[in-house]
Structures are given as C-alpha cells and as structure tokens.
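A.B. asks: Return atomic coordinates for the entry below.
(chains A and B)
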There are 2 protein chains.
Amino acid sequence: MKINNREIQFPLNKIFPKRWSPRSFNGKKLTKTQIMTLFEAARWSPSAFNGQPWKFVYTERGDKNWKRLLNLLIPFNQMWVKNSSLLVFVISNKKFEYNGKSNKTHSFDVGAAWMSVALQASLMGLAAHGMSGINYKKATEVLKIPKNYKLEMAFAVGKKDLKSKLPADFQKMEVQSDRNKVNKFISKGTFVWK
Amino acid sequence: MKINNREIQFPLNKIFPKRWSPRSFNGKKLTKTQIMTLFEAARWSPSAFNGQPWKFVYTERGDKNWKRLLNLLIPFNQMWVKNSSLLVFVISNKKFEYNGKSNKTHSFDVGAAWMSVALQASLMGLAAHGMSGINYKKATEVLKIPKNYKLEMAFAVGKKDLKSKLPADFQKMEVQSDRNKVNKFISKGTFVWK
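C.D. replies: Here you go, the predicted model:
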C-alpha cells in the first residue's frame, strides 16, 4: 500500500504517513485559532507524572519578534523558514514543577508534544517542519531560557506552496523522505542490534 | 467543548484528547498485525536528518520473555502491566547511524515516535500507557543495551477492561488526567516564565 508516495508495511492510520516536512510555504498569516489549536494538541500529550514539561516560544511572520528569532536559525534554515507563517522554539523543563526534582524524561516527553503539534498541523492542511539547525547557544541567550530549561529544537509552520517557487537546490529536497523497514528497529526480548 | 471528559480550549482533532493512559487491561493476545501496526506508526515519525534513532524491545504477555521483562518495572507498575498484552522498552541511539556523530535530539525524536505509537493504539481501540517507573540500571543490563544507546521509558499496550476489575487503589487513579491551560506553556518572542 502506498500513502503519499510512501510504501506502508502495515495498515496504520493515514495521518502518520501523510504528515511530512516540506520547505515551500506561502507565508500567509495563520488565524489565532489555528495557532492556538496547534498548542492545544501539544497540551494533551502524555508525560511522566503528568509533568507537562513543554514550553513554546513563538513568533508570527512579520511581527516585531520575527527577524530576531529567525536569526537564531542556521543560515540554511533561515532561507526557507522566512516564507513560513509561524516559528516556534521548543523548550523542556528539566525539573518537575510540582517538586523541583529532576525529570529524566523531559526531552522525551516534549518530543511527544511536538509530534502532536506536527500531526495536528497536517490534519489542518498545514505543515510543520522541525529543525535542530539552530544556533543553540545564541538562541538560549536571546530567548532568555533559564538554566533549568533546555532548548530542544524549533519548528516552522505554514501552508505548503508550489515546489517550483523554491530555489533549485531546495526543490530537489522537497520530497517525502522514506524510512527504515520495521524489522530494522524492533526486537523480541533483548537488544539485538550492534 | 468536552471530549472524553476533558475540557478543550481550541478545536483540535479528537484523537488527541481521546487518547489516555488506563491501567485496566483485559490481557488478551493482540494480533501480529496489531503489534506491527503500532511500530509502523513510529516508523513515519520525523527525526533530525531522518536519523530514526528509535529501537523497541518488546515482549507479549505469556511468551518466554514476558516475566523477565516485567520484572524490570518497579513493583507498582508490575501490578497492572501484568494484565496488559504487550510490553515495550523504548531505546534511543545517541549517535547517528550514518556517520557515528552524536545526535543531540535522540531522546526528543524517540519521544515523537512514542507519541505516534500511543495515538495509533488509541485509533485501533487499544490503549498504550507509558512508564518511567523502571529499574533503569537493571533493565539496561538485562536487555543488553549498549553504551551508545539510552533506555528512555517503557509502555504497555492492551485493550482496556472494566475499571471495577482493578484493585481499589488503582480504581481511584483510572481517570483521564487534566492538563495546564495553553497560556501556561506558550509565550511570544521570549521565555517569560520563571
């Protein structure tokens, strides 16, 4: 079975293979409800002891923070994110809010919240594209992220535009990436990969 | 709007608030296709440089590995996971497979894959319940997880059973947990929480 040009091994819900990470965006303003609905999806993610360690710092294209935050990405990412509508920096709290003790799954749990956002974006006809291509040191300073928090990644959201509007180099990359087969990452009873 | 007894602030897709983490399971065997379809959902998750750092070690209730792996959970979790149908240990690769360099989003990216599994489980009428209540040291040894990999968490999957079949203490906990409001975890332009 093929979904979105991806060869599926087992009959999963289409929302997963339909989601992908384009770089062509039309730059149009999102509604406040669209933006808040993305965060609402993050909200219902599971986390250890329901600690909800996620924090999101965001800016909309053209608002007073846009250029300052866009500049925290590596130049390669700036080139395409500038045409997205929303740029979000994803931060985790290393400690539990309710008792101040260290939370060993803080990054993992915030990764789960990010997945919810990415799927909700896709379900709304938008696309979210994650990035670790950030100047982490500068971004931590500029965003004023305290010591007990960790900048995890950033993502851009927008409505996909025509591939042909991208620069030639980016056009080649505008494809739905493939994945390893399931048997490459599952194992019964014991870790058996090298 | 309420979905699954949860008060929704913004009109997200129902799959997110419908997913939750029960402890009552009927212990019935899952089909091979059900199990593989959970992993198929993980498969299509996004990850930095498409690194796909996730590995899953699993056991089915009653198979030869079941008791050995169940014993790696803290006693509290063993009490309810023993009635689930599938127990999965979630592991991340700290290095990129393609170049051996360290992957700074390995935990985060595997958290995204876990979220896909949890949603796919819910979409199939099953439930997945994540745990950090593991004896991490013992589990890393018993599962033979190499140094370059990290045990992130475990999760149990099964078909939900009647709450009344749970021990009294567990019945009180068998509720859909609430969440912080969206404005508690989003901020414009700069990190503004303490």
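A.B. asks: how close does the most centrally placed residue in chain A get to A:Ala154?
C.D. replies: Centroid-nearest residue in chain A: A:Gly130, 3.6 Å away (criterion: C-alpha atoms, centre = their mean). Separation of A:Gly130 from A:Ala154 (C-beta to C-beta, to the nearest Å): 7 Å. Bear in mind the C-beta positions are built from the backbone N, C-alpha and C, glycine included.
A.B. asks: likewise A:Pro167?
C.D. replies: Per C-beta to C-beta, A:Pro167 is found 21 Å from A:Ala154.
A.B. asks: Likewise for A:Ala121?
C.D. replies: Between A:Ala121 and A:Ala154 the distance is 14 Å, computed by C-beta to C-beta.
A.B. asks: okay, these two: which has more neighbours?
C.D. replies: Neighbours were counted for A:Ala121 and for A:Ala154 using other C-beta atoms under 10 Å in any protein chain shown; A:Ala154 has more, 27 against 24.
A.B. asks: Can you give the strand pairings for the helix or strand containing the more buried one, parallel or anti for each?
C.D. replies: Using DSSP states H and E, A:Ala154 sits in strand A:149-158. Strand A:149-158 has the following strand partners under DSSP bridges: strand A:86-93 (antiparallel), strand A:127-131 (antiparallel).
A.B. asks: Return the helix or strand in chain A with minimum mean pLDDT.
C.D. replies: strand A:2-3 (a mean of 90; mean pLDDT, DSSP states H and E).
A.B. asks: Would you map the helices across chain A?
C.D. replies: A:15-18, A:32-43, A:66-70, A:75-81, A:106-123, A:136-142, A:168-173 (DSSP state H).
A.B. asks: Please identify the most buried of those.
C.D. replies: Sort the helices of chain A by mean neighbour count, taking mean count of other C-beta atoms under 10 Å in any protein chain shown, and helix A:106-123 sits at the top with a mean of 27.
A.B. asks: which helices and strands sit right next to it?
C.D. replies: Applying 3 or more C-beta pairs under 8 Å, 6 or more residues apart in numbering or on different chains; DSSP states H and E, we find helix A:106-123 packed against helix A:15-18, helix A:32-43, strand A:54-60, strand A:86-93, strand A:127-131, strand A:149-158, helix B:15-18, helix B:106-123.
A.B. asks: If you count contacts, what does the first one end up packed against?
C.D. replies: In this case it means helix A:15-18. Under the contact criterion of 3+ C-beta pairs under 8 Å, 6+ apart, helix A:15-18 touches helix A:106-123, helix B:32-43, helix B:106-123.
A.B. asks: Dump the ones you listed into TSV; add mean pLDDT and distance to B:Phe76 as well.
C.D. replies: Converted to TSV, these look like this (pLDDT from 0 to 100; distance: least, C-beta to C-beta, whole Å):
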stretch	mean pLDDT	distance to B:Phe76
helix A:106-123	98	19
helix B:32-43	98	24
helix B:106-123	98	20
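A.B. asks: Format these as TSV; extra columns: distance to B:Leu69.
C.D. replies: Formatted as TSV, those follow (distance: least, C-beta to C-beta, whole Å):
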stretch	distance to B:Leu69
helix A:106-123	20
helix B:32-43	15
helix B:106-123	17
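A.B. asks: just so I know, which of those helices lies nearest B:Lys150?
C.D. replies: Each of these was scored for nearness to B:Lys150 using C-beta to C-beta, and the closest is helix B:106-123 (6.7 Å).
A.B. asks: Tell me what angle the closest one forms with strand A:149-158.
C.D. replies: Angle between the axes of helix B:106-123 and strand A:149-158 is 60 degrees (criterion: axes from the mean of the first three to the mean of the last three C-alpha atoms, to 10 degrees).
A.B. asks: From the chain's centre, how far out is helix B:106-123? Work that out for me.
C.D. replies: 7 Å (C-alpha atoms, centre = their mean, to the nearest Å).
A.B. asks: Okay, angle between that helix and strand B:54-60 too, please.
C.D. replies: 40 degrees.
A.B. asks: now helix B:106-123 and helix B:32-43, what's the angle there?
C.D. replies: Counting by the same axes, to 10 degrees, helix B:106-123 points 140 degrees away from the direction of helix B:32-43.
A.B. asks: For B:Gly111, see how far away the residue nearest to A:Lys101 when sequence neighbours are not counted is.
C.D. replies: Computed as C-beta to C-beta, 6 or more residues apart in numbering or on different chains, the closest residue to A:Lys101 that is not its neighbour in sequence is A:Lys95, at 6.3 Å. Between A:Lys95 and B:Gly111 the computed distance is 17 Å (C-beta to C-beta).
A.B. asks: looking at the strands paired with strand A:149-158, which is buried most?
C.D. replies: Counting by mean count of other C-beta under 10 Å, the most buried of the strands paired with strand A:149-158 turns out to be strand A:86-93, with a mean of 25.
A.B. asks: for it, the distance to its chain's centre please.
C.D. replies: Here strand A:86-93 is found 9 Å from its chain centre; the criterion is C-alpha atoms, centre = their mean.
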